[in-house]
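A.B. asks: Predicted model, plus sequence, below.
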Amino acid sequence: MRCIARRRGIRILDVCGCSDNATRGRVRAVAQELGYRPNSAARRLRRASAGAVGLHLPATATRLDYYMNLAFGAVERAQEDGLDMVLLAPSGASGGRIASRVDGLLVIDPEIGDSAVPWLLDAGVPVVTGERYLGPATGPSGAVVCDNAASLTALLDHVTERGARRPALLAPSGSSAWATALRATARSWGLAHGAEVAVRTVPFAATPGEAEEATRALLAADPAVDAVICAPDGSAPGVLRAAAALGREAGSAGEGRSGLLVASCVDGTATRSAEPPVTAVDLRPAAYGRACAELLCDILADRAAPDTVRRHAWSLETRASTGPA
């Protein structure tokens, strides 16, 4: 494509499309000399785009550190491609109205029970989900996924290595891929190890108070439990409070000991600042948000197919709540 530069209202058309490297260099030099800056509004008008992407989070996201960090990462990455991020209301809207306002959509931890998700997936624009949608979908969508089964397996193996013989899981309710994988993994790990995992279902975004109440009920019903893995973000301090109230020393377990190992499926401020600090899976939410936005940007720019699936890495952070390092 021909490259054009004008002194007033400089216009450069597809500089990178020029086949001549010398020509590209001259155009860039002229642009720099004249103080040219790309006009993002003009670029969007030329390609008939809205210049924005939508972000849909679970309704409980506003009080969870994980989703806020994820959102910041997504915003930062979208801006690198000149795209604004529009946070969608939890109730959602019809796909047609959304499609006219954004170029693509990020739908994080979609649940079958979220009535807005089918509208979003059928909005007529590229969609990337953070974790897979387990319900029926009408069109292709990209996804960025974590191996949630492997992360819970790592926690269960870790507390067992630290002396636990009767682990338990405060499992999240709901139909998201994350919640479903954790509940299924607790069952399969127990079968494989001949040691049933005691499972108590708590709200997807359980508060520390709700986790404390669930832990008290769990330990009252099954005093042999010597490790509690808490799934919801930010609720692990409630497990520690329950242990203290019942005289169970956090961070110790094993035959003849009345302690309780405590771990979390989601790392964050609450786990790092607890006393003792809580062993947790670091899902790297800001990097995860970036990865989701990057995939959507790549799909919009034809750098990736609409049904591309990418994987996101996690790490296990061991701390004093499961014993000495």
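C.D. replies: Cool, got the structure.
A.B. asks: only C-alpha atoms for contact and neighbour calcs from this point on.
C.D. replies: Noted.
A.B. asks: Not counting its neighbours along the chain, what's nearest residue 187?
C.D. replies: Counting by CA to CA, 6 or more residues apart in numbering, residue 187 lies nearest to residue 197, which is 6.8 Å off, once chain neighbours are set aside.
A.B. asks: Give the full set of residues in contact with the one you found.
C.D. replies: By CA atoms under 8 Å, 6 or more residues apart in numbering, residue 197 lies in contact with 166-169, 186-187, 189-190.
A.B. asks: And it, how far from residue 152?
C.D. replies: Plainly put, residue 197 is 12 Å away from residue 152 if you go by CA to CA, to the nearest Å.
A.B. asks: which residues do the two both contact?
C.D. replies: Residues touching both residue 197 and residue 152 (CA under 8 Å, 6+ apart): residue 186.
A.B. asks: What count of nearby residues applies to the nearest residue to residue 130 once chain neighbours are set aside?
C.D. replies: The spatial neighbour of residue 130 that comes closest, neighbours along the chain excluded (CA to CA, 6+ apart), is residue 108 at 4.3 Å. Other residues near residue 108 number 26, with proximity taken as other CA atoms under 10 Å.
A.B. asks: Give me the distance between residue 108 and residue 78.
C.D. replies: Residue 108 is 15 Å from residue 78, where distance means CA to CA.
A.B. asks: so where does residue 129 fall, helix or strand?
C.D. replies: Per DSSP states H and E, residue 129 falls inside strand 127-130.
A.B. asks: and what of residue 229?
C.D. replies: Assigned by DSSP H and E, residue 229 belongs to strand 227-230.
A.B. asks: And the next helix or strand after that strand, what does it pack against?
C.D. replies: The helix or strand immediately downstream of strand 227-230 is helix 236-245, counting by DSSP H and E. With contacts defined as 3 or more CA pairs under 8 Å, 6 or more residues apart in numbering; DSSP states H and E, helix 236-245 has these neighbours: helix 208-221, strand 227-230, strand 261-264, helix 269-272.
A.B. asks: Distance to residue 175, mean neighbour count and mean pLDDT for these - can I get that in a markdown table?
C.D. replies: A markdown table is the format used below for these (distance: least, CA to CA, whole Å; neighbours: other CA atoms under 10 Å; pLDDT from 0 to 100):
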| stretch | distance to residue 175 | mean neighbour count | mean pLDDT |
| --- | --- | --- | --- |
| helix 208-221 | 20 | 18 | 97 |
| strand 227-230 | 18 | 28 | 98 |
| strand 261-264 | 20 | 31 | 98 |
| helix 269-272 | 25 | 17 | 96 |
